[in-house]
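*Asks:* Sequence first, predicted coordinates after that:
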Amino acid sequence: MPVKIRLQRHGKKGKPFYWVVAADARAKRDGRYLEKIGTYNPNTNPASVNINVDAAVKWLENGAQPTDTARTLLSYRGIMLKHHLNGGVRKGAHTQEEADAKFEAWVTEKESKIQAKVEGLSKAEADERAKALAAEKEVNEKRIADAKAVEEEAIAAKAAAEAEAETAVEEATEEVAAEEAPAAEEVIQEATQEATEEVAVEEATEEAAEDAPAAEEATQEATEEAAEDAPAAE
């Protein structure tokens, strides 16, 4: 029975998740399988590839043929290398210990590269976040500065309007005062004249009052003289 190592699709729409399976080559892609040997998640960065090395090598040694994508994933985890090293052991090119040591060295180096990539991505993400925060801070500072400038302009405009209004009031007051000055002067003159006339009347009245007793006395004297002269006339 021909066996293929291939991917079987799972996950949600837009977020696929794959199983790495050994299945009958005649079976449907997402149908029955012989063994699940790993998973592949392309939604992470870097992509997550977890494969059972021994199970995958066993299927390869039994003649299973991986699809192109599956072969790439197997190579990514060093399974194709281990399969090749095991072939060298069978041919006597090197011992099993030597093959295992070479594989472990390769895995260690691969893991360090993956970790470096993860750290690089983390640093890049941190830098991007820092840049985004700096840009956001700059935008906020500019927004605050613009708001402050608008507020200062509004205050200056209000002060200018108040000064202009005060100037207009002063000018209007001066104009009214200039217009009303002659009338006020005339009223003052009339009031002064009236006061002068009243004073003259009062003085005349006082003089008349002072002259009244003398006139009365003169009248009495005249009356008495007339009375004295009356018998003589008779």
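*Replies:* Thanks, I have it. Nothing here was measured: the structure is a model prediction, and the numbers come from that model.

*Asks:* Nearest the middle, which residue of the chain would you pick?
*Replies:* Centroid check for the chain by Cα atoms, centre = their mean gives residue 140 as the closest residue, at 5.4 Å.

*Asks:* Just the element for that one, please.
*Replies:* helix 96-233 (DSSP states H and E).

*Asks:* Just confirm residue 65 contacts residue 3, I think it does.
*Replies:* Yes: judged on Cβ atoms under 8 Å, residue 65 makes contact with residue 3 at a distance of 7.4 Å. The C-beta positions use only the backbone N, C-alpha and C, and glycine is treated the same way.

*Asks:* With neighbour numbers in mind, choose between these two.
*Replies:* For residue 65 versus residue 3, neighbours defined as other Cβ atoms under 10 Å are more numerous around residue 3 (20 against 14).

*Asks:* what about residue 39, which SS state?
*Replies:* strand (DSSP: H, G, I helix; E, B strand; the rest coil).

*Asks:* Count the residues that sit near it.
*Replies:* 18.

*Asks:* hang on, isn't it packed against residue 52?
*Replies:* No: Residue 39 lies out of contact with residue 52 (Cβ under 8 Å); the separation is 10.1 Å.

*Asks:* what separates residue 189 from residue 27, distance-wise?
*Replies:* 127 Å (Cβ to Cβ, to the nearest Å).

*Asks:* Give me the below-cutoff pLDDT ranges for the chain.
*Replies:* Applying pLDDT under 70 to the chain flags the ranges 125-126, 176-177, 180-185, 187-188, 191, 195, 199-201, 204-205, 207-219, 221-234.

*Asks:* let's see 80
*Replies:* For the chain, the stretches with pLDDT under 80 are 1, 29-30, 121-131, 133-134, 172-234.

*Asks:* what helices or strands is whichever strand or helix holds residue 72 leaning on?
*Replies:* Residue 72 belongs to helix 68-76 when assigned by DSSP H and E. Packing partners of helix 68-76 (3 or more Cβ pairs under 8 Å, 6 or more residues apart in numbering; DSSP states H and E): strand 3-12, strand 48-51, helix 79-91.

*Asks:* List the buried residues of stretch 59-75.
*Replies:* Buried residues in stretch 59-75, counted by 16 or more other Cβ atoms under 10 Å: 59, 60, 64, 66, 70, 71, 73, 74.
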